[in-house]
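Got a predicted structure plus its sequence, pasted below:
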Amino acid sequence: MTKFKTLDDLGDVRGKAVLVREDLNVPMADGRVTDDTRVRAAMPTVLELADRGAKVLILAHFGRPKGTADERYSLRQVVPALSAVLGRPVSFVAAGEQPDLADGQIAVIENTRFDPGEEANDPALIQKLASLGDVYVNDAFSAAHRAHASTEGLAHVLPAYAGRAMQAELEALEKALGQPEHPVAAVVGGAKVSSKLDVLRHLVGKVDHLIIGGGMANTFLAARGVSVGKSLCEHDLTETAEQILTAADAAGCTVHLPYDVVVSREFAANPPSLRTCNVHEVAADEMILDIGPAAVEALADVLKTCRTLVWNGPLGAFETPPFDAATVALARTAAALTGEGSLVSVAGGGDTVAALNHAGVADRFSYVSTAGGAFLEWMEGKTLPGVAALEAASR
């Protein structure tokens, strides 16, 4: 039972103007979109509404123009990529222009952040945008952690629905941490504990197994009295790490730290000083750069006992071989278990998506979120304003 209305609840939209909030904040180079993942994510909602006879008006932001019109951040330059992906014409509505569409036509409205009222969630801008449409559809989960006019405000003044991408994301997240099937494992990696403190604190009360990798594992190892040599480590946070381990213990959550590691005296691809050792054998001049093969095998065995997996962050310095080995091996195990139907696997965050693509398994997980900040805030257990507004609109 969803807590929000979807396009399935939307009646006849023929002739109606539908404001659709999408995420078109895409990477560009030389005036061209270099990665159209977010554009493709918009396709199901936009095409369905157009095919149902709606006048589709797409709202989105691009970059950080800070409330002023700046041609460098005009959405006009994204229109060709959007038109190519949708396979039909897309018109552009400049700031201050009134859209003029026939039923089934699609237009992109200029960057919402050109108006200072967008990030301020200003009632005047909300009313101005609302006057353009009859219905509001939010399809941009990646912007749902922002209480802006186009992501949150509009849901309070127009009939509000979740688009197909938003719906898929929220349903996947509900399966992962909302109402998951236990046992649940979480992989949390990345460089620093400080950036994931709230995530770790939240997860210990939610999951059965917490697998900590990346640079942050070194801080936890140091908290346990392990000498980590020259490894990336936040020594000032060892007490905090110890508190998280204590909280996990009290909650019945098993924390998995590596007991064998891949080390080197230099951080470079395939360095001559590379070796694998027990965590207690790291020399003073060595750095831990990945989890070792014995630990990876043990973690794979853990995943085989689990029904749900949430993954955020790599296990090692995966961009530099051979320190991608642990991330690739465990990701492939998770993908295989997902394929067998024994595991629901949900992953998210920029580095995570890159790591899973590198391992060649992004399309074999149950769901991979391209949202960065919103995914992290969801993992922290925070309320996302854009989602809360959709839920309120359905009551």
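That came through, no problem. Source: prediction; values computed, not measured.

which parts of stretch 133-152 are buried?
133, 135-152 (16 or more other CB atoms under 10 Å). From N, CA and C alone the C-beta is placed, and that goes for glycine too.

how deep is Ile291 tucked in, by neighbour count?
A count of nearby residues for Ile291, using other CB atoms under 10 Å, gives 33.

So it sits against Leu221, correct?
No - with contact defined as CB atoms under 8 Å, Ile291 does not reach Leu221; the gap is 11.1 Å.

Overlap of the contact sets of those two?
Pro258 (CB atoms under 8 Å, 6 or more residues apart in numbering).

So which of the buried residues of stretch 133-152 are in strands?
In strands, judged by DSSP state E, the following of the buried residues of stretch 133-152 are found: Val135, Tyr136, Val137, Asn138.

Hmm, Ala144 is touching Val387, no?
Yes - Ala144 lies in contact with Val387 (CB under 8 Å); the separation is 5.1 Å.

Identify the contacts common to the two.
In contact with both Ala144 and Val387: no residue, using CB under 8 Å, 6+ apart.

Sketch out the strands for the stretch 51-200 of the chain, chain order is fine.
Ranges of strands within the stretch 51-200 of the chain are 55-59, 91-93, 106-109, 135-138, 160-162, 184-188, based on DSSP state E, counting those that start in this stretch.

didn't Leu237 look like it was pressed against Gly215?
No - because the distance of 11.4 Å does not satisfy CB under 8 Å, Leu237 is recorded as not touching Gly215.

Neighbour count: the two, which is higher?
The neighbour comparison of Leu237 against Gly215 (other CB under 10 Å) goes to Gly215, with 23 against 20.

ok, how many other residues are close to Thr6?
19.

dump the residue contacts of it.
Applying CB under 8 Å, 6+ apart, the residues contacting Thr6 are Tyr161, Ala162, Arg164, Gln167.

most neighbours, which of those?
Result: Ala162 is most packed of these (other CB under 10 Å), 32 neighbours.

can you pull the pLDDT of that one?
The confidence metric pLDDT takes the value 98 at Ala162.

Could you check how far it is from Met216?
For Ala162, the distance to Met216 equals 33 Å [CB to CB, to the nearest Å].

the domain parsing of this structure - what is it?
7-165+384-393, 180-364 (automatic domain parsing).

Looking at those, spot the one closest to Ala371.
Counting by CB to CB, Ala371 lies closest to domain 7-165+384-393 out of the domains of the chain; the figure is 3.7 Å.

Tally up the residues packed near Thr68, please.
With other CB under 10 Å as criterion, Thr68 counts 10.

I'd say it and Phe114 touch.
Yes - counting by CB under 8 Å, Phe114 is a contact partner of Thr68 at 6.7 Å.

re the thing from before, pipe the strands of the stretch 51-200 of the chain into a markdown table and attach distance to Ala334 per row.
Below are the strands of the stretch 51-200 of the chain laid out as a markdown table (distance: least, CB to CB, whole Å):
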| stretch | distance to Ala334 |
| --- | --- |
| strand 55-59 | 35 |
| strand 91-93 | 42 |
| strand 106-109 | 37 |
| strand 135-138 | 30 |
| strand 160-162 | 27 |
| strand 184-188 | 8 |
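
show me the contacts for Pro99.
Ala17, Lys55, Leu57, Ser91, Val93, Ala107, Ile109, Leu132.

for Val361, that is, sorry about that
Ala331, Arg332, Ala334, Ala335.

Select from those residues every entry located in helices.
When DSSP state H is applied, these are split such that Ala331, Arg332, Ala334, Ala335 fall in helices.

Out of these, give me the one that has the most neighbours.
When neighbours are taken as other CB under 10 Å, the top entry among the ones in helices among the contacts of Val361 is Ala331 (29 neighbours).

For that one, which non-adjacent residue is spatially closest?
Ala359 (4.1 Å; CB to CB, 6 or more residues apart in numbering).

distance of Val39 from Gly215?
For Val39 relative to Gly215 (CB to CB), the value is 33 Å.

OK, contacts around the residue nearest to Val361 when sequence neighbours are not counted?
Of all residues not flanking Val361 in the chain, Ala335 sits nearest, at 3.8 Å (CB to CB, 6+ apart). Contacts for Ala335 (CB under 8 Å, 6+ apart) come out as Ser345, Ala359, Val361, Arg364, Phe365.

which one of these sits closest to Asn278?
Distance to Asn278, by CB to CB, is smallest for Ala359 among those, at 25.8 Å.

which residues touch Leu82?
Contacts of Leu82 (CB under 8 Å, 6+ apart): Leu24, Val39, Ala42, Ile58, Val90, Val108.

Serialize these to TSV and add fields for neighbour count.
Output for the contacts of Leu82, formatted as TSV (neighbours: other CB atoms under 10 Å):
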residue	neighbour count
Leu24	24
Val39	21
Ala42	25
Ile58	26
Val90	21
Val108	25
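
Closest one of those to His156?
Ile58 (20.1 Å).

what's the average pLDDT for stretch 245-252?
97.

Hmm, I typed the wrong one, I wanted stretch 103-119.
Mean pLDDT, computed over stretch 103-119, is 97.

what do you get for stretch 64-75?
On average, stretch 64-75 scores 93.

chain center to it, what's the gap?
With CA atoms, centre = their mean, to the nearest Å as the basis, stretch 64-75 stands 24 Å off its chain's centre.

Please identify the buried residues of it?
Under the neighbour-count criterion of 16+ other CB under 10 Å, stretch 64-75 has Pro65, Tyr73, Ser74, Leu75 buried.

So what's the residue count around the residue lying closest to Thr238 once chain neighbours are set aside?
Take Thr238 and drop its neighbours on the chain: the residue closest to it by CB to CB, 6+ apart is Ala223, 4.0 Å away. Ala223 sits with 21 neighbouring residues when counted by other CB under 10 Å.
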